[in-house]
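In: I'll drop the sequence and a predicted model, then ask my questions.
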Amino acid sequence: MGAAPPPSAVRRQELADFLRTRRAAVRPADIGLPDDGRRRRTPGLRREEVAQHAGVGVSWYTWLEQGRDVTPSPQVLDALARALRLTPAEHAHLFTLAGISRPAGDFPRAAPPDLVEIVDGLLPHPAYLLSPRLDVLAHNATAALVLHDLVAVPPRNLLWWLFCTGWPDVAGWAETARANLADFRAEYARRPGDPSFVELVTALSAESATFREWWAEHDVRAMEPVRKTIRHATLGPLAVHQLQSVPAGHPELRLRIMVIADDATRAALTLPRG
């Protein structure tokens, strides 16, 4: 048996096969092409039609479908995705196969209704939805008990809550604050110059000396503990297991769920035993 092809060659072939199948799935009428009377040997678009609608050379696009070692730019991949009418999932897969990090896209400023229903449906467990800026877009009733003034008082931003509301004297604060700052730092890097991100960093830097110090460290590796204790002002210590997930239909958002970790916390939140 011969040596296996290198991963880069396998990925190029996967990209070639993916492009061919997506091209075959698009009808000329789908992109406004009239019937030119020429008989088509295969269903879907011709290579020159894809290249024309994407604004790239036919030969260069042909090389992509042949699995040659060429590197498309993010702009070209976006153009190909439009020409081939790719779904959001297919669009993301195209970038993965090309071995290129996809630039961050826009994100909802309000909670999508379907995710609001999920957040509410997770009761009695506290659950809330975060934007890439770590703004709380939705939360359920139990999360309102646990997170208190984070969701009750504007700006309802997790970083502002952590760094600008007196939390540094509470045990466990530093670990949680560093983890969330590292998460935000990674998103900030994906959106260079985004006014909403720059505005938030400017405001936090003006308000919190700790934020200014830690922001200068460029830490993107901290991880928040899965099991944590929240020192609640009125309910006392709350022990929870926390999970963060990415909603498949809204990959720019983050869904956080807290599962009650002990009977004392369950009693404090007046929840029935499961």
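Out: Noted; the coordinates are in hand.
In: could you pull out the helices in this structure for me?
Out: 7-25, 47-54, 58-65, 74-83, 88-98, 113-121, 141-147, 149-152, 158-164, 173-190, 195-207, 209-215, 263-268 (DSSP state H).
In: which strands or helices does the third one pack on?
Out: So that's helix 58-65. helix 7-25, helix 47-54 (3 or more Cβ pairs under 8 Å, 6 or more residues apart in numbering; DSSP states H and E). All C-beta atoms are positioned from the backbone trio N, CA, C, and that covers glycine.
In: sorry, back to before: Lys228: which of the helices of the chain is closest?
Out: Minimum separation from Lys228 across those (Cβ to Cβ) falls at helix 173-190, 6.8 Å.
In: picking that back up, okay if I get the helices and strands packed on helix 58-65 as JSON lines plus distance to Asp263 and mean neighbour count?
Out: Listed next are the helices and strands packed on helix 58-65 as JSON lines, based on distance: least, Cβ to Cβ, whole Å; neighbours: other Cβ atoms under 10 Å:
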{"stretch": "helix 7-25", "distance to Asp263": "50", "mean neighbour count": "16"}
{"stretch": "helix 47-54", "distance to Asp263": "60", "mean neighbour count": "18"}
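In: point out where the chain drops to low pLDDT.
Out: 1-7, 33-40, 42, 104-105, 166-171, 222-223, 225, 271-274 (pLDDT under 70).
In: what about the longest strand in it?
Out: Under DSSP state E, the strand in the chain containing the largest number of residues is strand 236-245.
In: tell me the centre residue of the protein?
Out: Glu252 (3.1 Å; Cα atoms, centre = their mean).
In: where's it relative to Pro113, distance?
Out: Distance of Glu252 to Pro113, given as Cβ to Cβ, to the nearest Å: 16 Å.
In: for the residue nearest to Glu252 when sequence neighbours are not counted, what are its contacts?
Out: Leaving aside its sequence neighbours, Glu252 sits nearest to Phe107 (Cβ to Cβ, 6 or more residues apart in numbering; 3.7 Å). Taking Cβ atoms under 8 Å, 6 or more residues apart in numbering, we find Phe107 in contact with Ser131, Pro132, His250, Glu252, Leu253.
In: residue contacts, Ala233?
Out: His148.
In: number the chain from 593, please
Out: Sure thing, new numbering starts at 593, so read that last one as Ala825.
In: returning to what we had before: phi, psi for the residue nearest to the centre of the chain please.
Out: phi -80, psi -10 (degrees, to the nearest 10).
In: once you drop chain neighbours, what's closest to Val728?
Out: Spatial nearest neighbour of Val728, excluding adjacent residues (Cβ to Cβ, 6+ apart): Arg748 at 4.6 Å.
In: neighbours of the one you found, just the number please.
Out: 18 (other Cβ atoms under 10 Å).
In: with Val745 instead?
Out: Around Val745 there are 11 residues (other Cβ under 10 Å).
In: check Arg633 too.
Out: Residue crowding around Arg633 was assessed by other Cβ under 10 Å; the count is 6.
In: could the helices of the chain be laid out in JSON lines, adding distance to Leu827?
Out: Below are the helices of the chain laid out as JSON lines (distance: least, Cβ to Cβ, whole Å):
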{"stretch": "helix 599-617", "distance to Leu827": "51"}
{"stretch": "helix 639-646", "distance to Leu827": "57"}
{"stretch": "helix 650-657", "distance to Leu827": "58"}
{"stretch": "helix 666-675", "distance to Leu827": "47"}
{"stretch": "helix 680-690", "distance to Leu827": "40"}
{"stretch": "helix 705-713", "distance to Leu827": "21"}
{"stretch": "helix 733-739", "distance to Leu827": "7"}
{"stretch": "helix 741-744", "distance to Leu827": "13"}
{"stretch": "helix 750-756", "distance to Leu827": "17"}
{"stretch": "helix 765-782", "distance to Leu827": "17"}
{"stretch": "helix 787-799", "distance to Leu827": "27"}
{"stretch": "helix 801-807", "distance to Leu827": "25"}
{"stretch": "helix 855-860", "distance to Leu827": "5"}
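In: lovely, talk soon.
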